[in-house]
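Chemist: Based on what follows, work out the 3D shape:
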Amino acid sequence: MKKIPQRQCIGCREMKNKPDMIRVIRTPEGEIRIDATGRMNGRGAYICRSGACLRASIRNHGLERSLRTSIPEEISRQLEEEMSRLE
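Modeler: Just a heads-up that it's a prediction; the model follows:
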């Protein structure tokens, strides 16, 4: 059997299988986006496939700490819209 890697959600802090999660990245250019493929270049953080976890990670500044950058309100709204499309 092949081992499935585990990642911790920055919203709910639960360990889950990596393929079941969504990766949010900060690109080398400083852009913040959702990486649906999990293979884009940049610093990443993992979130469950729920809007509640994304909102919690923004509220408790977990996403900012993981990506090592501040996240403007406009980017937060864009991330929530993209997350609702992926749910």
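
Chemist: Which strand or helix spans the residue sitting nearest the centre point of the chain?
Modeler: Centroid-nearest residue in the chain: V24, 3.3 Å away (criterion: Cα atoms, centre = their mean). Element membership of V24 [criterion: DSSP states H and E] is strand 21-26.

Chemist: now for that strand, which elements pack on it?
Modeler: With contacts taken as 3 or more Cβ pairs under 8 Å, 6 or more residues apart in numbering; DSSP states H and E, strand 21-26 sits against strand 32-35, strand 43-48, helix 62-67, helix 73-86. Bear in mind the C-beta positions are built from the backbone N, C-alpha and C, glycine included.

Chemist: Please identify which of those is closest to E14.
Modeler: E14 sits nearest to strand 43-48 of all the helices and strands packed on strand 21-26, at 7.4 Å, using Cβ to Cβ.

Chemist: Moving C-terminal from that closest one, which element do we reach first?
Modeler: helix 51-59.

Chemist: Between the two ends of stretch 54-72, how far is it?
Modeler: Terminal residues of stretch 54-72 are spaced 14 Å apart (Cα to Cα, to the nearest Å).

Chemist: Can you pull out the residues in contact with it?
Modeler: Stretch 54-72 has contacts (Cβ atoms under 8 Å, 6 or more residues apart in numbering) with 9-12, 24-26, 30, 32, 43-45, 47, 76, 79-80, 83.
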